[in-house]
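> Fold the following for me, if possible:
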Amino acid sequence: MPYKKAALEPVPPYAIVHSEARVMYSRNGNREYRIFVFKPAHEAPPEGFPVIYVLDANAVFGTMAEAVRLQSRKPHGFGPAVIVGIGYPTDEPLDSTRRFYDYTKPASAKLPVRPDGSPWPETGGADAFLSFIEDELKPAIERDFPIDRNRQTLFGHSLGGLFTLDVWLNRPETFQTYVAGSPSIWWNNRYLLDAARRLAERQEDKALPAAVLMAVGGKEKPFMIQDARELFQTVEPLSGRGIRLQFMELEDEGHITILLPLINRALRFALAESGEPGGKL
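Numbering: from 1, shown residues only. So this is what the prediction gives:
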């Protein structure tokens, strides 16, 4: 057998198996998105695959897709799922300008001075972004992939966590499971706390079924931790009325490092079978 030199030889770039990326424009043509999709190799069940829609996909999609690919192998973990990442046309992990617009409601309160003194990006596009997800992205995904519409999850972190909780509190029928990591509840004078109180009052007798996981890092800024605890305590009375609620404080994690451990917990929470925390309702 010919001797092969111990050298690093170039091969095609690494790609996540069973994944693809597409470009999608909002219907009015003024917003461009990079959509990442992971489809399991398994045959879809009759009702279709559960699906997880992931915000900030440039940073998060690859980790979540590989975690599902590994952990959904029998007899371990949970069943397979489709992962849909909503990202932006950039090779950077985050696009601060675009995400500020998509993940926030219009600010009625004066925004604080940013730590670096720079002006705030354009904000206030959350309603339009949710319409894009509901009216354009979801139908496109469901045309091309077998999806179980009764097992849809939304995953967001930081401003994405703010958006995720806003959708649950104001449009709870949109998804069945919500995962919000390090949510930016401080935005717009903590308006989400009022939304949480209204939901708790509105659904006191009969809550709309949902599974909601909130997580915050123990090494985050104290106000981030306190805001998350306060919001959870506000909605906690709904637990057991058709709503599964879980709050986690990952004591060794900061605002960014929380993402990796949260992904594993989010998958178990969203994809566990009936009877498990966050399983089928």
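> got the residue ranges for the strands in the stretch 151-281 of the chain?
Using DSSP state E, counting those that start in this stretch, the strands of the stretch 151-281 of the chain run over residues 177-181, 210-217, 243-250.
> Mind putting these into CSV with distance to Thr234?
Where you see a C-beta, it was placed from the backbone N, CA and C, and this is true even at glycine. Putting the strands of the stretch 151-281 of the chain into CSV (distance: least, Cβ to Cβ, whole Å) gives the following:
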stretch, distance to Thr234
strand 177-181, 14
strand 210-217, 11
strand 243-250, 11
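> looking at those strands, which is buried most?
Comparing the strands of the stretch 151-281 of the chain by mean neighbour count (mean count of other Cβ atoms under 10 Å), strand 177-181 ranks first with a mean of 28.
> remind me which residues of this protein are low pLDDT?
Low-confidence segments of the chain (pLDDT under 70): 1-6, 29, 109, 203-207, 273-281.
> middle-most residue in it, spatially?
Phe155 (1.3 Å; Cα atoms, centre = their mean).
> so who does it touch?
Ile52, Tyr53, Val54, Leu55, Val60, Met64, Thr164, Val179, Gly181, Ala266, Ala270 (Cβ atoms under 8 Å, 6 or more residues apart in numbering).
> and with 6 Å instead?
The contact partners of Phe155, by Cβ atoms under 6 Å, 6 or more residues apart in numbering, come to Ile52, Val54, Val179, Ala266.
> ok, now Leu259?
Applying Cβ under 6 Å, 6+ apart, the residues near Leu259 are His157.
> Do you have the helices of the stretch 151-281 of the chain handy? List them.
159-170, 187-202, 222-235, 259-271 (DSSP state H, counting those that start in this stretch).
> Just say which of those is most tucked in.
That would be helix 159-170, which, of the helices of the stretch 151-281 of the chain, has the most neighbours on average (mean count of other Cβ under 10 Å), namely a mean of 24.
> can you give me how far it is from the chain middle?
In terms of Cα atoms, centre = their mean, to the nearest Å, the centre of helix 159-170 is set 9 Å apart from its chain centre.
> Next, the angle from it to strand 210-217.
For helix 159-170 against strand 210-217, the angle by axes from the mean of the first three to the mean of the last three Cα atoms, to 10 degrees is 150 degrees.
> Counting by contacts, list what helix 159-170 packs against.
Packing partners of helix 159-170 (3 or more Cβ pairs under 6 Å, 6 or more residues apart in numbering; DSSP states H and E): helix 96-103, strand 147-157, strand 177-181, helix 187-202.
> what comes up buried for the second one?
By that I understand strand 147-157. Neighbour counts using 16 or more other Cβ atoms under 10 Å place Ile147, Asp148, Arg151, Gln152, Thr153, Leu154, Phe155, Gly156, His157 of strand 147-157 among the buried residues.
> swap in the first one?
Residues of helix 96-103 classed as buried under the neighbour-count rule (16+ other Cβ under 10 Å) are Arg98, Arg99, Phe100, Tyr101, Asp102, Tyr103.
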